[in-house]
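J.: sequence first, then the predicted structure:
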Amino acid sequence: MKRGHGSAAPTRPGRTKAKGGTASTDPGGLVVATHGRHVMVEDDAGHRLICHPRGKKSEAVVGDRVRWQHTLEGGDEGVITSVDERRNLLWRQDEWRSKSFAANLDQLLMWIAVEPVFSEMQLTRALIAARSADIPVTVVLNKIDLPGADTARARLAPYRAMGYDVVELSLKSEEDAARAQVMPLLQGKATLVLGPSGAGKSTLINTLLPEARAQVGEISQALNSGRHTTTSSLWYWLDGAPGDAERSAIIDSPGFQEFGLHHIAATELTRWMPDLGAHVANCRFHNCTHRQEPGCAVRAAVERGEVSPIRLSLYTDLFDELSQPRW
């Protein structure tokens, strides 16, 4: 999927307009870390402080531009008074609920590997979530030096055919070459990097940011009153200085499991699955669910070999999930 697929060039986080166009005299800042209801806000000079939301309307996620006030005169903590209008928002899904976790992204880097074998369901959920939020995606296939590389490439063929960019590399065995491939992708953008355990995402973070582990410890302790704990998301600057409009940044969400899709109606799924969506207009019934209805053009395309049967199976599982009542 090429950048934008119909959208204008993204606004950098520091240029986000306030909700409703209303101006605020409160200082602004960027949310660079979260833990529970505590967030770390970085002001435009690069100074950071712990902030707390004033209510549900001021709950913020990493990547949000916010307005804040000091809780005490001269104190080192603040309260968020408002969250600026977002360009986009992504959700994560756990066993109980969906929860927003990142906003105002320029792109998603989906980091998978030849080993361990990647989940096409996780990949599909990520692509649907990003496409519905108008966020371009690049898929990175790591560890192509391993024997299963050809099988992994074959599994990714349908996604290449849909227009998604797929970059192949071997981060551990060819670190310099891999770094040279990745850095241009990140230049001047705020990039969310996600991937399953063992795919090499932590190696990427540590390669690009040798001081990342120390930053995690410092921020975690600050957000959780001295107890070391993993934050839900972290924003890292890769270059530039505070105030630079075109700085590069990566956002890491350790422990991330799956994208939440409950904001998408089951009947809208094919809109965000381009290989299936290309055939929907030819279905006999306008409200075809592509499961058992006669004259379904999507199932006919599968039978002709134009759509992967696995992709239809993924759609069916997601359709069932999103059709369940939410309590």
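T.: Structure received. Numbers count the residues shown, from 1 in each chain.

J.: can you pull out the strands in this protein?
T.: Here the chain has its strands, by DSSP state E, at 28-35, 38-43, 48-53, 65-70, 77-83, 89-93, 98-103, 107-113, 137-142, 165-168, 190-194, 233-237, 249-252, 258-259.

J.: redo the ones you listed as TSV? Include distance to residue 179.
T.: To be clear about C-beta, it is placed using only N, CA and C from the backbone, and glycine gets the same treatment. As requested, the strands of the chain are exported to TSV (distance: least, CB to CB, whole Å):
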stretch	distance to residue 179
strand 28-35	23
strand 38-43	26
strand 48-53	27
strand 65-70	30
strand 77-83	35
strand 89-93	26
strand 98-103	24
strand 107-113	14
strand 137-142	12
strand 165-168	12
strand 190-194	14
strand 233-237	15
strand 249-252	13
strand 258-259	27
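
J.: looking at those strands, which is nearest to residue 202?
T.: Nearest of those to residue 202, taken as CB to CB: strand 249-252 at 8.7 Å.

J.: can you name the residues that contact residue 311?
T.: Applying CB atoms under 8 Å, 6 or more residues apart in numbering, we find residue 311 in contact with 124, 158, 273, 275, 276.

J.: re earlier: in TSV: the strands of the chain, plus distance to residue 206, mean pLDDT and mean neighbour count.
T.: Output for the strands of the chain, formatted as TSV (distance: least, CB to CB, whole Å; pLDDT from 0 to 100; neighbours: other CB atoms under 10 Å):
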stretch	distance to residue 206	mean pLDDT	mean neighbour count
strand 28-35	18	91	24
strand 38-43	21	91	21
strand 48-53	22	90	19
strand 65-70	28	92	21
strand 77-83	30	92	19
strand 89-93	23	87	21
strand 98-103	21	86	20
strand 107-113	13	96	24
strand 137-142	14	97	22
strand 165-168	19	97	16
strand 190-194	12	95	24
strand 233-237	11	90	21
strand 249-252	11	93	24
strand 258-259	24	82	20
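
J.: burial of the closest residue to residue 208 other than its chain neighbours, as a residue count?
T.: Spatial nearest neighbour of residue 208, chain neighbours left out: residue 238 (6.4 Å); criterion: CB to CB, 6 or more residues apart in numbering. Close neighbours of residue 238, defined as other CB atoms under 10 Å, add up to 16.

J.: tell me how far residue 238 lies from residue 204.
T.: Counting by CB to CB, to the nearest Å, the gap from residue 238 to residue 204 is 12 Å.

J.: once you drop chain neighbours, what's closest to residue 133?
T.: The shortest distance from residue 133 to any non-neighbouring residue, by CB to CB, 6+ apart, is to residue 88 (4.1 Å).

J.: from what I can see the one you found touches residue 107, true?
T.: No. The criterion here is CB atoms under 8 Å, and residue 88 misses it with residue 107 at 10.6 Å.
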